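Asker: curious how this folds, go ahead:
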Amino acid sequence: QVQLAESGGGLVQAGGSLRLSCAASTRTSSRYATGWFRQTPGKERDFVAAISWSGVITYADSAKGRFTISRDGAKNTVYLQMNSLKPEDTAVYYCAADSVFREVQTGGADYWGQGTQVTVSA
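Answerer: Numbers count the residues shown, from 1 in each chain. From the prediction side, this is the model:
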């Protein structure tokens, strides 16, 4: 069982930056892929970025060039650095983990955090 806890959300102006953190309850870097999703009210959860246990990284088109996913294995933490934020980035951001990279990318991960709110004002 893996427990995930997101932090780092908040209110920021358009063009600003935030760094989200996803802390895992157990060592994940050598066994699990981890990813970020986001969701706005009434819409499905959308993929943002993911990193495999071997370091392969993928991004949604909306995140490319602005967001960076990274991992600190010693801290069992995955980060999402978000720059040049836009009002349309406003959402609840969720962290997900699974032993299968594809499951993380497609939203079928076994483990999810509770989410952290990101609000970008115009």
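
Asker: any idea which element the residue positioned nearest the centre of the chain lies in?
Answerer: The residue lying closest to the centre of the chain (CA atoms, centre = their mean) is Trp36, at 2.3 Å. Using DSSP states H and E, Trp36 falls within strand 33-39.

Asker: now for the helix or strand that that strand is followed by, which elements pack on it?
Answerer: Remark: after strand 33-39, the chain's next helix or strand is strand 46-51, criterion DSSP H and E. Contacts defined by 3 or more CB pairs under 8 Å, 6 or more residues apart in numbering; DSSP states H and E place strand 46-51 against strand 33-39, strand 57-59, strand 67-72, strand 77-82, helix 101-106. Where you see a C-beta, it was placed from the backbone N, CA and C, and this is true even at glycine.

Asker: identify the residues contacting strand 46-51?
Answerer: Outside strand 46-51, the residues that touch it by CB atoms under 8 Å, 6 or more residues apart in numbering are 33-39, 57-60, 62-63, 67-71, 78, 80, 91, 93, 101, 104-107.

Asker: what mean pLDDT does that strand get?
Answerer: Strand 46-51 comes out with an average pLDDT of 98.

Asker: tell me how far it is from the chain's mean position?
Answerer: 6 Å (CA atoms, centre = their mean, to the nearest Å).

Asker: I'd like the numbering to begin with 18 instead of 1 from here.
Answerer: Understood, numbering begins at 18; the last thing we discussed is strand 63-68.

Asker: would you mark the buried spots in that strand?
Answerer: For strand 63-68, the neighbour count (16 or more other CB atoms under 10 Å) marks 64-68 as buried.
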